[in-house]
Structure formats: C-alpha cells, structure tokens
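K.L.:
3D, please:
(chains A and B)
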2 protein chains.
Amino acid sequence: MPAKPLTDFSRLCIHTITHKPWSLKETVSAFAREGVPGITVWRDAVKDMTHADAGKLIRDNGLEIVSYCRGGFFPAKTESERAAAIADNEKCIDEAAAIGAPLIVLVVGAVPGIPLPEARQQIADGIRAVLPRAKDKGVKLAIEPLHPMYAAERSAVNSMKQANDMCEAINDDHVGIAVDVYHLWWDDMLKTEIERCAALDKLFAFHICDWRSPTEDFLLDRGLMGEGVINIREIRSWVEATGYKGYNEVEIFSNRWWKEDQNKFLDQIKEAYLQYS
Amino acid sequence: MPAKPLTDFSRLCIHTITHKPWSLKETVSAFAREGVPGITVWRDAVKDMTHADAGKLIRDNGLEIVSYCRGGFFPAKTESERAAAIADNEKCIDEAAAIGAPLIVLVVGAVPGIPLPEARQQIADGIRAVLPRAKDKGVKLAIEPLHPMYAAERSAVNSMKQANDMCEAINDDHVGIAVDVYHLWWDDMLKTEIERCAALDKLFAFHICDWRSPTEDFLLDRGLMGEGVINIREIRSWVEATGYKGYNEVEIFSNRWWKEDQNKFLDQIKEAYLQYS
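P.N.:
Numbering: from 1, shown residues only, chains lettered A, B, ... in the order given. Here you go, the predicted structure:
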C-alpha cells in the first residue's frame, strides 16, 4: 500500500527548538493562530515563568503538550557525576509533571573514553533509577536512538534495534521509544524494528525533519521536510501501519532556518508537512 | 582474552591518501626508509607514470601493494550513467592489474533521490557486471561499508550486516569486505558480523584510524589512532580471532595532519600504531 499524504494538521506538533528565535509566548501564540495543535516543549524554552504557568499558558491557548524535551545524558566517569545526572533527570520529571507533559524524550548520553557497552549499562541503570519518580508523577520516558555520528558524545544508543533491546531489558510500561527519521532513515532494519517496537507497545513518539545532502554541520543543519533525502512519508506509513495515532513532531535544528523570519518558516513547515511528510 | 598490542611493523600498511602532500615517489621512498612494508595506492596517486611503472617502483623499493583504492559509485539515475560507472570500474580493474594490486576497495555509492533499497540493487548489479573482468584479471573486490552519515551520497551500504548480506547474495570468491573501524565502531553487531564475514571467507582488508570527539568535518577530520574514541585494539582482536593475517591499513584523511610535516606524521603513525592499534 503506497504511503498517503497528510491532508490536515490535526496531528502536527512542533518542537519549541524549531523556532528557537521565538520565546515560548511567541511560539504558543503563533501555533494557536496558525492551527498547530501540538507542542513539544524544550527545557530551555521555559524561562521567566514557572512550569505550571507555562503549562497553563499553553493549554489556555488550546494547545496540547506532546512531550518535554529532554532528559538523559546518564553515563559519566564518576559515581558522583552519575548521581548528579540521575538527580537532574528527576528534576526534569518534576518539571514535566508541573508543565503537564505526559512524556520526556531522553537523549541518553555517551562519553568519550567510556566504552559503548559500559555506557549502555549506565544508561539502563540510570533509567531504572529514575523510573520510580516517573511512575509516581505519571510521566513516561522515551529513549531516542540517535544517529551513529553522535555515538562518541551524545548517545550510545544508535539504532531502533538497540533501543528495542534496551526497552525489553528494562521491561516497564513507562519506558518506550521516540522514533526520529533523521537518526534512523539509513537503517535497513528500520521497518522491522518499528514493527517490533509497536508490538512491544513502546512506540511513544515520532519525529520528522530531513537529511540535507550535503549536510554542513553535525548538529545544526537539519532540513525542512522535502529539503533532503529521507523517505519521510514511507517511514510514517510504517509507523502508522502499527496503529500509531500520535503526533508527527517537527524537530528542526537549523542555523539556516533560525536566521529566517519565523512566521514565514512556520508557513513553510505547514506546506512541507502536507507535501513531503 | 584481552587484546594484545602490536609489537612490530610487519603488518603495517599505509594508504597513499594518508600522506596526500607527498607524491607517490616520495611516499614510496619514505615507506622503504622507515620500514613500512605495505602500501595501498589511491587512484589519484598514480600521476605522470604508467601503472606498470608505478608497480615496478613500489616493488623495487621492497614494498607490497595491498590494495588499489578505489572503485565503486555504481548507482546513478540513468542507464547511461550506470553504464559509465561500470566502464570506469572495469578501467579501475585494469589499472589494479597493471600496478599489481590483488584487491580493489569499493566505495559503492549512493545518490540523493535514489531510494536506498534501489541503490543497493544497482550496487549489486554493478558488481556483478564487472566481476568477469575482475576474475579475468585476478583482482578481488572489497565492499567497504561506510558510516551511516555517508548514506545520502557516498554509500548505501552502511553496516557489516548489509555488506555481509550483499556478499552472500553475490556469492563469488572474488567479492568480499574491507572492514574500517572509522565507519563501523559504533555498531553493537560489529563483532558478530566480523565473525560472520570471516566464516563466509570474505574478510579481505582491515582499515584503521580514529574518530575524534568532536569531529569537525564530515570527510576530512579523521584522527590518528589514539586521538579519538574507537576501541581499535579490541576490534583488531576480533578480526585476528577469525584468523585474519592481512595488513592493518592506516587510512587517515585529515586537513589537520596534511598541514604537518609528513615525515614527522609518519613517525607519529608508527608510534600510534604500536601504542593504540
């Protein structure tokens, strides 16, 4: 069955980081005005107000908070740094609960000099350590496998298979996965592992953007949907074929786009969402 | 069994590109003087002389040609471009035979706009098309899986598993794999797939360098062994545990190192080879 285009914005969510030049207030007003129903709030977006007030602002404008972004970065070389990471993740869970987000996205972390298998163990241990707080607050946690180019310093989990394996090992209904096409599009096991993820009931979130060719910056050169090579619509069809009914979250870090007028950029996101997602 | 350090240079090979500022003659003299027994010759290194003369120069200096680098780039949008790629690979095979190289490394190619499964099909078709020439000339072909960050425009084969799958499908004793730690270190299936590769009798070459953190350029910021995060010695131990007796090939593209005095760089390669490989 060929993948079908999206025809409305009912499942569009945009991450605050996508419109980094805007304050949270500006972002919320624009989304409300332009009919973007979902928002994923980055931690640094909540400034000069409490998390409770930020949550109220968002809901008063008719928007739904899809997730809070982000926790993680569990591995560290010393016991005390690992304890600090756990404490910070507990704080992140409290913030998510206060703002009213049902889910935290985890960039799980990696540290140069810590072998990947050891880092993965520390990640699983860290997630287990914060799980009681997450369950107590009713906040779920989504492991986001990152592209292998981030394996040295951002994430020791670099494929859906690894994320599925880790979820199976942790085996708790509050721990699942955020699937991001940017990180995973190249993997020939992606479709199978998306199906496995959904069968485990772990498919918690779906992020979209595009991979530019050439990419000019390791972090801040993501493309708008259609600007790159990713088979976004096909991957979305795999996700939806599993029964996923959640949001399609637009998460673009881009020095290029951040320089543009953000109202125009939002128009282009909406256009690209229908045309290429 | 913990991985053991290397204690001599009997299996050291260096790629000509590693010393890009040097001519082939300068490289060969330096390797002969410094006791580097193996050389992998990049195609662009053979200038102002025939391939036969280049081969004679290398052998007269007591060096062994380990491989010829590189063929590949099979996928293309039109039939005629694909035919041109096949013709160029046949020319590459003729050059390898003329210089006396037993092996060609293939960077198999990818093209923005061609879906990865289709690109992989075109790659397998291209390899099959040039195989008669390779067998006729006694030159083997090594598929080099590249890091997923090159999936858009350099290689649609991005893991050992994929390379093994492709080799199994082609099923010819002249087609195997070049394992490069730079491209594959992050993969939690690497050890298993190296073992599978060797069991298929496909482990044709082993390349080393390091992954810097942070890496500043997508192509030209490879590290000298020890400058980065890769568990090079451990991966070498996996390769050797399969019975691999070939060279350890140092392949470093680095704007940083190319700016340095190349004699000093060669000294540092030898030191790093013993200390970190």
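K.L.:
how about the closest residue to residue A:211 other than its chain neighbours, secondary structure?
P.N.:
With Cβ to Cβ, 6 or more residues apart in numbering or on different chains as the criterion, residue A:211 has its nearest non-adjacent residue at 4.3 Å, and that residue is residue A:228. No exception for glycine: its C-beta is placed from N, CA and C like everyone else's. Of the three states, residue A:228 takes coil according to DSSP: H, G, I helix; E, B strand; the rest coil.
K.L.:
middle-most residue in chain A, spatially?
P.N.:
residue A:105 (5.1 Å; Cα atoms, centre = their mean).
K.L.:
Around chain B, which positions in chain A sit nearby?
P.N.:
Proximity of chain A to chain B (Cβ under 8 Å from any Cβ of the partner chain) is limited to residues A:112-113, A:115-117, A:120, A:147-149, A:151-153, A:158-159, A:161-162, A:185-189, A:211, A:213-215, A:218, A:228-229, A:231.
K.L.:
Restricted to buried residues, select the residues you listed in PyMOL.
P.N.:
Typed into PyMOL, the line below selects the buried ones among these, using 16 or more other Cβ atoms under 10 Å in any protein chain shown:
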select buried, chain A and resi 116+120+147+148+149+151+152+158+159+161+162+185+186+187+188+189+211+213+215+218+228+229+231
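K.L.:
For the residue lying closest to residue A:174 once chain neighbours are set aside, list each beta-bridge partner.
P.N.:
Spatial nearest neighbour of residue A:174, excluding adjacent residues (Cβ to Cβ, 6+ apart): residue A:140 at 4.9 Å. In this entry, residue A:140 is beta-bridged to residue A:103, by DSSP bridges.
K.L.:
residues contacting residue A:140?
P.N.:
Residue A:140 is in contact with A:102, A:103, A:104, A:134, A:174, A:175, A:176, A:204, counting by Cβ atoms under 8 Å, 6 or more residues apart in numbering or on different chains.
K.L.:
Next: residue A:95.
P.N.:
Residue A:95 touches A:43, A:46, A:51, A:68, counting by Cβ under 8 Å, 6+ apart.
K.L.:
Which of the three states applies to the last one?
P.N.:
In this case it means residue A:68. Residue A:68 ends up strand, using three-state DSSP.
K.L.:
quick one: it and chain B, what's the gap?
P.N.:
In this view, residue A:68 and chain B are 27 Å apart by Cβ to the nearest Cβ, to the nearest Å.
K.L.:
From what I see, that residue and residue A:39 are in contact.
P.N.:
No - with contact defined as Cβ atoms under 8 Å, residue A:68 does not count as touching residue A:39 (10.3 Å).
K.L.:
could I get the contacts of residue A:140 as a markdown table with neighbour count and pLDDT?
P.N.:
Formatted as a markdown table, these follow (neighbours: other Cβ atoms under 10 Å in any protein chain shown; pLDDT from 0 to 100):
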| residue | neighbour count | pLDDT |
| --- | --- | --- |
| A:102 | 15 | 98 |
| A:103 | 23 | 98 |
| A:104 | 27 | 98 |
| A:134 | 24 | 98 |
| A:174 | 19 | 98 |
| A:175 | 23 | 98 |
| A:176 | 24 | 98 |
| A:204 | 25 | 98 |
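K.L.:
ok, residue A:181 - how many residues close by?
P.N.:
Residues within reach of residue A:181, counting by other Cβ atoms under 10 Å in any protein chain shown, total 26.
K.L.:
Also residue A:191?
P.N.:
Neighbours around residue A:191, by other Cβ under 10 Å: 16.
K.L.:
confidence score at it?
P.N.:
As predicted, residue A:191 sits at a pLDDT of 98.
K.L.:
So it: helix, strand or coil?
P.N.:
Per three-state DSSP, residue A:191 ends up helix.
K.L.:
again with the one 4 residues further on
P.N.:
When classified by three-state DSSP, residue A:195 comes out as helix.
K.L.:
now swap in residue A:62 and tell me
P.N.:
coil.
K.L.:
which residues sit in contact with the nearest residue to it once chain neighbours are set aside?
P.N.:
Distances taken as Cβ to Cβ, 6+ apart place residue A:32 nearest to residue A:62, at 5.8 Å, with adjacent residues excluded. By Cβ under 8 Å, 6+ apart, the residues touching residue A:32 are A:61, A:62, A:63.
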